[in-house]
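Asks: Okay, sequence plus prediction incoming.
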Amino acid sequence: MLAETICSAVSAAGLGIAAVTAYRKRFLTAARVVAYSLVPVGLVMTGVVGWLARTAFDPLAWAGFGVLALSVVLFLLTRAVERRRGRGKGAIRGGDADPVAPAASAPSLGRGSARASRPAAPPATTGSGSGDDFSDIEAILKKHGI
């Protein structure tokens, strides 16, 4: 009963603020305040406030929340242990198999294996003054294989 009274008072105060806001010709803001003001009354009318009041004082409900919290903690703990062992989402589930083929010369899961096998070319150095301006750009382009 007290919760319903408080929700009604909050809604009435919000509607009063909306009326003052509309009087000041700020209709969009007034409409938004009215929308927020009607939420507590709507919650009372749907029974959510009564359900929350009953749940807040029910020891069985709090025990249920405790069980849910324990399950979340256990889930997160097992995920952390699994990731620490190296069995994340991308790992092979069958066993501790190596993701690289036994006879492979380069990792099969690495990015850009063709580029990783050849070393980057050293930057070209020229003696002329105008060539020095573009030597850095040439080095970057050669590094990216362009």
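Replies: Yes, it's here.
Asks: Checking G145 next. Helix, strand or coil?
Replies: With DSSP: H, G, I helix; E, B strand; the rest coil as the basis, G145 sits in coil.
Asks: how far away is it from A35?
Replies: When distance is defined by C-beta to C-beta, to the nearest Å, G145 is 58 Å away from A35. Just so you know, the C-beta spots here come from the backbone N, C-alpha and C atoms, and that holds for glycine as well.
Asks: Could you do E4 as well?
Replies: Separation of E4 from A35 (C-beta to C-beta): 20 Å.
Asks: count of residues packed around P40?
Replies: Applying other C-beta atoms under 10 Å, we find 21 residues neighbouring P40.
Asks: and the longest helix for the protein?
Replies: In terms of residue count, the longest helix belonging to the chain (DSSP state H) is helix 59-85.
Asks: where does A12 fall, helix, sheet strand or coil?
Replies: helix.
Asks: how many other residues sit next to it?
Replies: Neighbour count of A12, defined by other C-beta under 10 Å: 13.
Asks: What pLDDT is listed against E138?
Replies: E138 carries a pLDDT score of 88 in this model.
Asks: That one sits in which helix or strand?
Replies: helix 129-143 (DSSP states H and E).
Asks: cool, and A22?
Replies: Element membership of A22 [criterion: DSSP H and E] is helix 2-23.
Asks: Show me what secondary structure element comes after that helix.
Replies: Following helix 2-23 toward the C-terminus (DSSP H and E): helix 27-46.
Asks: Tell me where the model's unsure across this structure.
Replies: When residues are selected by pLDDT under 70, those of the chain lie in 87-132.
Asks: more neighbours, E4 and A35?
Replies: Taking other C-beta under 10 Å, E4 and A35 do not tie; E4 has more neighbours (16 against 11).
Asks: Identify the residue spatially nearest to that one, adjacent ones excluded.
Replies: Among residues not flanking E4 along the chain, V44 sits closest, at 4.9 Å (C-beta to C-beta, 6 or more residues apart in numbering).
Asks: roughly how far apart are the one you found and H144?
Replies: Applying C-beta to C-beta to V44 and H144 gives a distance of 65 Å.
Asks: Those two: who's more crowded?
Replies: Between V44 and H144, V44 has the larger neighbour count (other C-beta under 10 Å), namely 18 against 9.
Asks: thinking that one is in contact with C7, fair?
Replies: Yes: contact status for V44 versus C7: in contact at 4.8 Å, counting by C-beta atoms under 8 Å.
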